[in-house]
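Student: next come a sequence and a model predicted from it.
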Amino acid sequence: VLENPVITLTTDFSLKDPFVAMMKGVILGINPKANIVDITHNITRHNIAEASQTLSMSYRYFPDGAIHIAVVDPGVGSSRRPIMVVTESQFFIGPDNGIFSSIINEAGEDTIKVIHITEDEYFLSKTGATFHGRDIFAPVAAWLSKGLEAGQFGERINDYLTINIPEVTFSESSSLTGEIISIDSFGNAISNITRDNLSSLDSSESGNRLMVSYNNAPLSLLSFYAESKGSALSAIINSSGYLELFVNRRSAADNYHIKVGDKVTVSRTH
Amino acid sequence: VLENPVITLTTDFSLKDPFVAMMKGVILGINPKANIVDITHNITRHNIAEASQTLSMSYRYFPDGAIHIAVVDPGVGSSRRPIMVVTESQFFIGPDNGIFSSIINEAGEDTIKVIHITEDEYFLSKTGATFHGRDIFAPVAAWLSKGLEAGQFGERINDYLTINIPEVTFSESSSLTGEIISIDSFGNAISNITRDNLSSLDSSESGNRLMVSYNNAPLSLLSFYAESKGSALSAIINSSGYLELFVNRRSAADNYHIKVGDKVTVSRTH
Amino acid sequence: VLENPVITLTTDFSLKDPFVAMMKGVILGINPKANIVDITHNITRHNIAEASQTLSMSYRYFPDGAIHIAVVDPGVGSSRRPIMVVTESQFFIGPDNGIFSSIINEAGEDTIKVIHITEDEYFLSKTGATFHGRDIFAPVAAWLSKGLEAGQFGERINDYLTINIPEVTFSESSSLTGEIISIDSFGNAISNITRDNLSSLDSSESGNRLMVSYNNAPLSLLSFYAESKGSALSAIINSSGYLELFVNRRSAADNYHIKVGDKVTVSRTH
């Protein structure tokens, strides 16, 4: 049992309503020592893929044993199952709607196990319509943080749902194509292309340079933001390890009309 | 004395300014073990009734002994008194302007006591204009969380202020009329009609169905959000136990021009 | 070593993205007992002066030993140094871009010391582009909160950067001129004129009254907000000790088109 267990929250609830606070109240009622951290409550409403990727970018900065609750749930109240994903060092609790796809893809299906949460003795007892975040996910996370085993909450399942997270594709001509997966609040456009993807391109012929293209125009691949001058669109491998399009001190998305789903290509050049 | 006492904050300060943080700094300076939870800082500016209802929806999810500070105070700096409302299991600290009316109505005036906070040895010592949230409510909550008794902060009063929270009215024809009291950030329109209100209608003749009307149009009363198809306006008893008008995955308020104060009726039908 | 050390965060990151959460994860991984408080994450993008003044208004409400991280950094990724400012009772960690100017001005350069943070054994080990907030400031703050000495993070420097924070000027005719430095979320316009500035004017001839002017119109200097009637623009010494222009229950900035940088004068009158 950890002395100060960390429980994080990722939702599309926003902070205007008291829904997030209700979840925190339930957690603290069960485990007063829980250390609750908001990842974000401003996931675009009902965007499961965005929640999945936000969680994937963030979880690695939390200590072993961290418990992550994620609730973005367009089908709330319907019959989809509450689940817990157990990786080698952390726990993920939320609806079985694909919200943990990025986590599962990265860890590999062999290294994780998924529990269908059914043991309702750990749920908030109440009547009427159920708010799973408050009535199931919050109390289960709190009990887990007190040292219960994952297996005490239900049976292992293998037919959990995953969604397609856009993948990087490699072409024969030694180039790759990815896409913009999110626009951050600075207006930077973040792609799904990782440093590792670029390394796998680059390693074949040393001395070659990488050329990034967006909308058929070549972009400079820089090492830090301040290196870019004026309002030119440039590329960088950002601090989370993803290829990102940016304009120094301005919104790239606004200035170049970049949208989620837009393609970005990288190829070797001489 | 609790080991990890919970202190919650409900204000209309927003999170842009550092006012909320100042309150937290003051609390932690007095009781470093306090566990501070934001309920919301986005109450509509100066809307005491909204703060009262938000608090009423939320406090029940917090553990016994929780201390709730609420600051929505159009008359700040004038002579209204700082008060503490003590219920059977929790504490509420804020201005004497009716902000705790929902709490008092629900608990019943017989079960609570109200203290006029006057003992300024527990206030933040300072000169100049007073910010009650930081200078009175925060330090008093922190001292209370360290185990002081409510009576140590001042004398009991009975002439505290309450405001009219819109009430549900019952007509002879076995129907009731309530009103929309808030629009949440999803665009759902929440009424003041509770599950208990509906039960008291329903119980007289078993087998009857309930008909919900808004703007002279009948609405389906559903059991969960995903049951609603297309963009039809529907009704549900939400997870807080209130009758709510919604459109599945869209904003009911935007699509049907629903405003706070709009009437909703429910009657028995065959 | 404090049992519940306080670490605050002031940034322009907003709360949509997970950057703030990554910093919190890193801190809690190093010191699970850290008590993290958000001052604000809504500093106007790249506005170093606003961050400096927000921090200056806030730090005094936190207990001795508090550690404040501030990250507003238009030149992120360039070569500017990470620094730690040590005052008599608190610590400030961030970029060497002038963000701590208000703190240093107020404390006086003689009473503080500034450390160039270089000991990378305390940094988050990683490859690729660096996000200083997460990779340097957060872990250094966490290690400091565990009882390390400031000197263990690097050498003392004296050539740190400061920026000009707008100053109040006194004229021969016994008047002073300041300016609006921020608009809060209520629309109140806060100047850089302090209660002490006014006292130094006032003390020379007792019995004189102070006249506040904005845009060549005289304003009443009131003692509390509710004293102002109608939509008149009035002045008050606010709860942080600054002269502020306000309209009771409305936005002064919207109603009187007040902007940051606008001049405000105060003079003695008979």
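Tutor: Cool, got the structure.

Student: below-threshold pLDDT in the stretch 51-200 of chain A: ranges please.
Tutor: Applying pLDDT under 70 to the stretch 51-200 of chain A flags the ranges A:75-79, A:126-129, A:172-173.

Student: who are the packing partners of the longest strand anywhere in chain A?
Tutor: Ranked by residue count under DSSP state E, the longest strand found in chain A is strand A:175-183. Under the contact criterion of 3 or more C-beta pairs under 8 Å, 6 or more residues apart in numbering or on different chains; DSSP states H and E, strand A:175-183 touches helix A:48-58, strand A:169-170, strand A:189-194, helix A:195-202, strand A:263-269. In short, each C-beta sits where N, CA and C put it, glycine included.

Student: list the strands paired with the second one, with their directions.
Tutor: Neighbouring strands of strand A:169-170 in its sheet, by DSSP bridges, are strand A:175-183 (antiparallel).

Student: now the longest strand of chain A - C-alpha only, PDB.
Tutor: Output in PDB follows, covering the C-alpha atoms of strand A:175-183 (Å, rounded to 0.1, in the frame of the first residue of the first chain):
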ATOM      1  CA  SER A 175       9.300   8.000 -46.900                       C
ATOM      2  CA  LEU A 176       6.500   8.000 -44.300                       C
ATOM      3  CA  THR A 177       3.100   9.600 -44.000                       C
ATOM      4  CA  GLY A 178       1.400  10.500 -40.700                       C
ATOM      5  CA  GLU A 179      -1.300  12.900 -39.800                       C
ATOM      6  CA  ILE A 180      -2.100  15.800 -37.400                       C
ATOM      7  CA  ILE A 181      -3.700  14.300 -34.300                       C
ATOM      8  CA  SER A 182      -4.300  17.400 -32.200                       C
ATOM      9  CA  ILE A 183      -3.900  21.100 -32.000                       C
END
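
Student: please compute how far that strand lies from its chain's middle.
Tutor: 16 Å (C-alpha atoms, centre = their mean, to the nearest Å).

Student: give me the spatial nearest neighbour of the closest residue to chain B within the stretch 101-250 of chain A, chain neighbours excluded.
Tutor: Scanning the stretch 101-250 of chain A for the residue nearest chain B gives A:Phe131, at 3.4 Å (criterion: C-beta to the nearest C-beta). Spatially, and ignoring its direct neighbours in sequence, A:Phe131 is nearest to B:Ser239 (3.4 Å; C-beta to C-beta, 6 or more residues apart in numbering or on different chains).

Student: need the contact list for A:Gly230.
Tutor: A:Asn248 (C-beta atoms under 8 Å, 6 or more residues apart in numbering or on different chains).

Student: gap between it and chain C?
Tutor: Using C-beta to the nearest C-beta, to the nearest Å, we find A:Gly230 at a distance of 15 Å from chain C.

Student: tell me the SS of that residue?
Tutor: With DSSP: H, G, I helix; E, B strand; the rest coil as the basis, A:Gly230 sits in coil.

Student: report the secondary structure state of A:Ile27.
Tutor: On the three-state scheme (three-state DSSP), A:Ile27 is labelled helix.

Student: grab the nearest non-local neighbour of it.
Tutor: A:Ala142 (4.4 Å).

Student: before we move on, what about A:Gly151?
Tutor: Nearest non-adjacent residue to A:Gly151, counting by C-beta to C-beta, 6+ apart: A:Ile115, 6.9 Å away.

Student: wait, A:Val20 sits on A:Asp38?
Tutor: Yes: using C-beta atoms under 8 Å, A:Val20 is in contact with A:Asp38, at 7.3 Å.

Student: about what we covered before: what kind of secondary structure is the residue nearest to A:Phe131 in?
Tutor: Taking three-state DSSP, the label given to B:Ser239 is coil.

Student: what does the stretch 151-270 of chain A put close to chain C?
Tutor: A:184-186, A:195, A:223-227, A:236-241, A:249 (C-beta under 8 Å from any C-beta of the partner chain).
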